[in-house]
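S.K.: Pasting a predicted model and its sequence here:
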Amino acid sequence: MAKVGVIGGGAWGTALAVTAARAGHDVTLWAREAEVVAAVNDTHVNSLFLPEVKLDPAIVATGDLAVVSTCELILLVPPAQHLRAVATAIKPHLTPTIPLIICAKGIELSTCALMTDVVADVLPGAPRLVLSGPTFAKDVALGLPTAVTLATDQIELGRGIAERLASPGFRPYVSSDPVGVEVAGAAKNVFAIGCGIADGKGFGANARAALLTRGLAELVRLAVACGGKPETLMGLAGLGDLVLTATSMQSRNYSLGVALGQGKTLAEVLGARRSVTEGVTTAGALVALAERKKVEMPIAAAMNRVLNQNASIDDELKRLLDRPIKDE
């Protein structure tokens, strides 16, 4: 058994806390919201973010980062744009050798940094791993069969932690390509919004398949330019996560796209949500990173114009379809 800390009391952080407890560990869950802390400790339910799932009473919630920082393994699960602030806040309390598993999917908007680079900047020397893959929080929390990727440059450490987190319903596969895994986890949210828009507009299954395929091609180009391996993008953290996120209404990003395609405004959709829809902010960071790496990503660029520059969906569709014919 180990003492596992989870920083982030949203649906995904709560699901990972359940997973760690199911694997036999003592779990401390940090949440920003006092009502989440109280609900987890008093009623063993995260009533704000994962109300359908009863939590193991062994999961203890806290609002004090110093308490979580004493754990032997820490999972970082804040929204991507808040990861730097969270890492800065735990730094005074953290032993430098504690492994940190980064579970946030995104690219920092202000710097175009991947999440591992953000953590390395704030907490140099701490062992860093990335957990990603096709996962809906509720399914994971319920113990439904799930496979994920755990990526790290320290492969033996990764294998040991994968063994510790595994349970009959949760199977981690170890990868030596954290860059490829991170780029995939961030970019797939943007393409999922695009697939949702296509379905919301009633464009049909052909259009969704084309968006998935060409989006994957853009994703591979960027990952390789950043130093990732193309085969990683064919695995759980790439193709697997893209297909899941871009085809189900359980996905916050896909469902947002569907609503936009049906005529709702971005403000209307986001205003009705408590949880973060990562793809909206990631779109801008993704396009900026692609420009830095001189990688062409026309679908991602179109999505960024729709989400962050008030461009018309119909105008962006015409722009994409009017592009010159090229070899695949």
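M.R.: All right, it came through fine.
S.K.: burial measure for Cys226, as a count.
M.R.: 17 (other CB atoms under 10 Å). (Each C-beta comes from the backbone N, C-alpha and C, glycine too.)
S.K.: Which pLDDT value belongs to it?
M.R.: The predicted structure scores Cys226 at 98 on the pLDDT scale.
S.K.: What is the neighbour count of Leu320?
M.R.: Residues near Leu320, counting by other CB under 10 Å, number 16.
S.K.: my bad, Gln250
M.R.: Burial measure for Gln250: 13 neighbouring residues, criterion other CB under 10 Å.
S.K.: was I right about it contacting Phe136?
M.R.: Yes. Using CB atoms under 8 Å, Gln250 is in contact with Phe136, at 4.9 Å.
S.K.: Tell me which residues touch the nearest residue in space to Ala58 that is not next to it in sequence, please.
M.R.: Nearest residue to Ala58, sequence neighbours excluded (CB to CB, 6 or more residues apart in numbering): Ala21, at 5.5 Å. With contact set as CB atoms under 8 Å, 6 or more residues apart in numbering, Ala21 has these partners: Val27, Leu55, Asp56, Ala58, Ile59.
S.K.: try Ala80
M.R.: By CB under 8 Å, 6+ apart, the contact list for Ala80 reads Ala104, Lys105, Gly106, Ile107, Glu108, Met115, Ala186, Glu278, Thr281, Thr282.
S.K.: from the residues you listed, which two are the most distant?
M.R.: Using CB to CB, the two most remote members of those are Met115 and Thr281, lying 13.1 Å apart.
S.K.: Which neighbours do those two have in common?
M.R.: Counting by CB under 8 Å, 6+ apart, the residues touching both Met115 and Thr281 are Ala80, Gly106.
S.K.: Neighbour count for the two, which is higher?
M.R.: Met115 (27 against 21).
S.K.: Look up the closest residue to the more buried one, ignoring the ones flanking it.
M.R.: Ile102 (4.8 Å).
S.K.: can I assume that neighbour is in contact with Leu123?
M.R.: No. Contact between Ile102 and Leu123 fails when scored by CB under 8 Å: they sit 10.8 Å apart.
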